[in-house]
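Peer 1: Using only what follows, build the 3D model:
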Amino acid sequence: MGLRERKKLRTRVAIRQATYRLITEQGYDATTIEQIAEAAEVSPSTVFRYFATKEDIVLTDEYDPVMEAALRSRPADEPPLVSLRLMMTETLTSFIAEEDEELRQRTRLMVEVPAIRARMTETLSETAKVLSRVLADRSGRSADDLRVRVFVAAVLGALREVALYWGEHGQEGDLVTMVGEALDSLEGGLRL
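Peer 2: Predicted coordinates:
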């Protein structure tokens, strides 16, 4: 990263950390953009320059480019579900190791705040576009191909449901293992 990108990243991180701290102290609804800006030592317009909504502060991270690069690094002839599974395992393991508390707070808020859960659908749609482009490149299909879109949406839907389930159940259990089990369900179908 260049100096400008590093400064932008530091600002995004400072805004997110201030947001999480304020939400912990006073709750999501009571936390305003003005309070977040003051705590992050930026202006409210700077907050909005980086994040369109308060929900985006909670949900936005820097992992789409990481996931894209990890998926692009997988062998071109590898089955797409295997590639996505390995990429998700690698990325999630890294996220847990580096930002465990942020992951836990984000998950709690996804469960507790309907506006965040609703906005999560939109942010996952953006992630789906990124991953669809990679799989489309590998398969010779269009990134807008219905099968590619449905496939990626199903995998990300599984990830979303695992996160919600984990949050609803006190964040108990190994998240990486749970994602693997969810992807096993996609691969093998639901057996009764």
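
Peer 1: shouldn't residue 109 be in contact with residue 120?
Peer 2: No. Contact criterion C-beta atoms under 8 Å: residue 109 and residue 120 do not qualify, at 9.8 Å. All C-beta atoms are positioned from the backbone trio N, CA, C, and that covers glycine.

Peer 1: mind checking pLDDT for the residue in the chain sticking out farthest from the centre?
Peer 2: Distance to the chain centre peaks in the chain at residue 192, reaching 30.8 Å (criterion: C-alpha atoms, centre = their mean). On the pLDDT scale, residue 192 is placed at 70.

Peer 1: i'd like the first residue to be 223 from this point on
Peer 2: Yep, numbering from 223; the last one is residue 414 now.

Peer 1: who does the helix or strand encompassing residue 342 touch, helix- and strand-wise?
Peer 2: For residue 342, the host element (DSSP states H and E) is helix 336-361. Here helix 336-361 touches helix 276-281, helix 285-294, helix 302-334, helix 368-390, going by 3 or more C-beta pairs under 8 Å, 6 or more residues apart in numbering; DSSP states H and E.

Peer 1: what comes up buried for that helix?
Peer 2: For helix 336-361, a neighbour-count test (16 or more other C-beta atoms under 10 Å) marks 338-339, 341-342, 345-346, 349-350, 353-358, 360 as buried.

Peer 1: now stretch 388-403
Peer 2: 388, 389, 397, 398, 400, 401, 402.

Peer 1: And the furthest pair within those residues?
Peer 2: 389 and 402 (18.0 Å; C-beta to C-beta).

Peer 1: okay, now the domains of this protein?
Peer 2: The chain breaks down by automatic domain parsing into domains covering 225-274, 283-410.

Peer 1: could I get these as CSV with mean pLDDT?
Peer 2: Written out in CSV, the entries for the domains of the chain read as follows (pLDDT from 0 to 100):
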stretch, mean pLDDT
domain 225-274, 94
domain 283-410, 93
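
Peer 1: you'd agree residue 339 is up against residue 332?
Peer 2: Yes. Counting by C-beta under 8 Å, residue 332 is a contact partner of residue 339 at 5.4 Å.

Peer 1: before we move on, back to that, which of the helices and strands packed on helix 336-361 is buried the deepest?
Peer 2: Mean neighbour count (mean count of other C-beta atoms under 10 Å) peaks for helix 276-281 among the helices and strands packed on helix 336-361, with a mean of 21.
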